[in-house]
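Participant: Sharing a sequence plus its predicted fold:
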Amino acid sequence: MLSPDQHSAAALALWEADQTKQSIAPLTESYPDIDVVDAYEIQLINIRKKLEAGALIRGHKVGLSAKAMQNMLGVHEPDYGHLLDDMFVDEGSTIPMSRFCQPRAEIEVAFVLGRQLQGPGVTVADVVRATDYVLPSIEIVDSRVTDWKIKIQDTVADNASSAALVLGGRPTKLTDVDPALIGANLRKNGEIVETGCSGAVLGNPVIAVAWLANKVARFGVTLEPGHVIMPGSCTRMVPIAAGDHIRADFDGLGHVAVRFA
């Protein structure tokens, strides 16, 4: 467990890494005693700083929702981060690489809420009722930790390695698809480099949204109407370089694409 002064110092290191796009050593090396509770405290310091500067919370993301990623980092539940208004990028646009340190792409079924979800006790049925529609999406994850040498504490402190997201403009009602059986592929420069299925996300991404609502309730947070919820990727991360064109295709949901310059 770290002291408040160590929380502040770690948060400042991540803040400066984000501002300068110069990655830092893992917090788990700099602060060997850091635990997940410390990491969420560090995350919140920087989120509050951004909100004070005028940013708005537009949703939340679930990370480490695939069992393979949990096993890799030695954890038994997902983590979460905040989605701020300046993270949203229009589909079909071009994103400058200068926004990132070492970005990677993931593809997800994004949930847009029509009703409030307030834990504890949120069920899968509650999520189905509260979801207005789902969208195809690309999440751009980025780590302020050098070479992505992260443990669970590092990614949590780093706002779950959040950076940007691109939402497709074709909404689909959740009741028109089986959310556990949506096939997807990720194309990089026209070539399919990853394929997956939405069921890789805790068996069903609806479960991930329910988990999130219950998890953040411990901190007095409610998922609000209009919030975008990213339940986790159904494929592995794919590194991005300048000039890359990334496209995600989802069965029944359509596609979404973005380019990097």
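Facilitator: Looks like it arrived, so ask away. Numbers count the residues shown, from 1 in each chain.
Participant: And the helices in the stretch 151-261 of the chain?
Facilitator: 152-157, 205-217 (DSSP state H, counting those that start in this stretch).
Participant: and those helices as CSV, adding distance to G199?
Facilitator: Any C-beta I mention is one placed from the backbone N, CA and C, and that applies to glycine too. Shown next, in CSV, are the helices of the stretch 151-261 of the chain (distance: least, Cβ to Cβ, whole Å):
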stretch, distance to G199
helix 152-157, 23
helix 205-217, 8
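Participant: Let's test this: name the helix or strand in this structure with the lowest mean pLDDT.
Facilitator: The helix or strand of the chain with the poorest confidence is helix 67-73; it has a mean of 63 (mean pLDDT, DSSP states H and E).
Participant: and the helices of the stretch 151-261 of the chain, which is most packed in?
Facilitator: helix 152-157 (a mean of 26; mean count of other Cβ atoms under 10 Å).
Participant: how about low-confidence regions in the protein?
Facilitator: 67-76 (pLDDT under 70).
Participant: Do you have the strands of it handy? List them.
Facilitator: 57-63, 79-84, 88-90, 94-95, 104-113, 131-141, 162-167, 183-188, 191-197, 228-230, 238-239, 245-250, 254-260 (DSSP state E).
Participant: got these as TSV, with mean neighbour count columns?
Facilitator: Output for these, formatted as TSV (neighbours: other Cβ atoms under 10 Å):
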stretch	mean neighbour count
strand 57-63	23
strand 79-84	23
strand 88-90	14
strand 94-95	16
strand 104-113	26
strand 131-141	23
strand 162-167	23
strand 183-188	19
strand 191-197	14
strand 228-230	26
strand 238-239	15
strand 245-250	22
strand 254-260	19
